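Asks: Structure for the following, please:
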Amino acid sequence: MVVDRRARLVCLLVTVVTCAPAVTSTLVSGRVMSTDDGLPVPRATVRILGTTPVAQTDSAGRFTFSSQLGAGCHRLQVRALGFGWTEVQFATSSNSMKVNLRDVPLRVIPLDEWPLLLVTRCDAGPLTKGDAPWGVDTISPK
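Replies: From the prediction side, this is the model:
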């Protein structure tokens, strides 16, 4: 009986290890540049959607961080105060260790185009994308 349980446990572990998707630690790097004047954008927030790590660009607009990524298509999101936001798609293979996205463009948003802050009652219900200001994806109580 004990041997049978051990055999099943070993079989289960082998199955989990061999069927688990390959996830490797991937070093993602690049540089965020302004589309207005071609200068680097310091203090931009950079993250890969669906993952936890967040990076911030240095004074030269460069970012580097490590993330656990499986093979497939991923989206890098970049945001900075005074700029819009952008997303860049990139693909990784099961053995990708480094991804260099080079120059990621970010558009300056003039002050008169900045989105308005909407304040509403909690019971007002969700806003649709058409009712939300430019650049807002989701508005929720959270």
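
Asks: my guess is Ala91 meets Cys73, correct?
Replies: Yes: with contact defined as Cβ atoms under 8 Å, Ala91 reaches Cys73; the gap is 5.2 Å. Backbone N, C-alpha and C define where each C-beta goes, glycine included.

Asks: show me where the protein has strands.
Replies: For the chain, the strands defined by DSSP state E occupy 23-34, 45-48, 54-56, 62-70, 72-79, 85-92, 98-106.

Asks: Mean pLDDT and mean neighbour count added to those, as JSON lines?
Replies: Converted to JSON lines, these look like this (pLDDT from 0 to 100; neighbours: other Cβ atoms under 10 Å):
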{"stretch": "strand 23-34", "mean pLDDT": "89", "mean neighbour count": "18"}
{"stretch": "strand 45-48", "mean pLDDT": "94", "mean neighbour count": "21"}
{"stretch": "strand 54-56", "mean pLDDT": "94", "mean neighbour count": "16"}
{"stretch": "strand 62-70", "mean pLDDT": "90", "mean neighbour count": "17"}
{"stretch": "strand 72-79", "mean pLDDT": "91", "mean neighbour count": "16"}
{"stretch": "strand 85-92", "mean pLDDT": "88", "mean neighbour count": "14"}
{"stretch": "strand 98-106", "mean pLDDT": "91", "mean neighbour count": "15"}
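
Asks: ok, the residue lying closest to Thr51 once chain neighbours are set aside - contacts?
Replies: Nearest non-adjacent residue to Thr51, counting by Cβ to Cβ, 6 or more residues apart in numbering: Ser67, 4.9 Å away. Shown in contact with Ser67 (Cβ atoms under 8 Å, 6 or more residues apart in numbering): 25-26, 28, 48, 51, 53.
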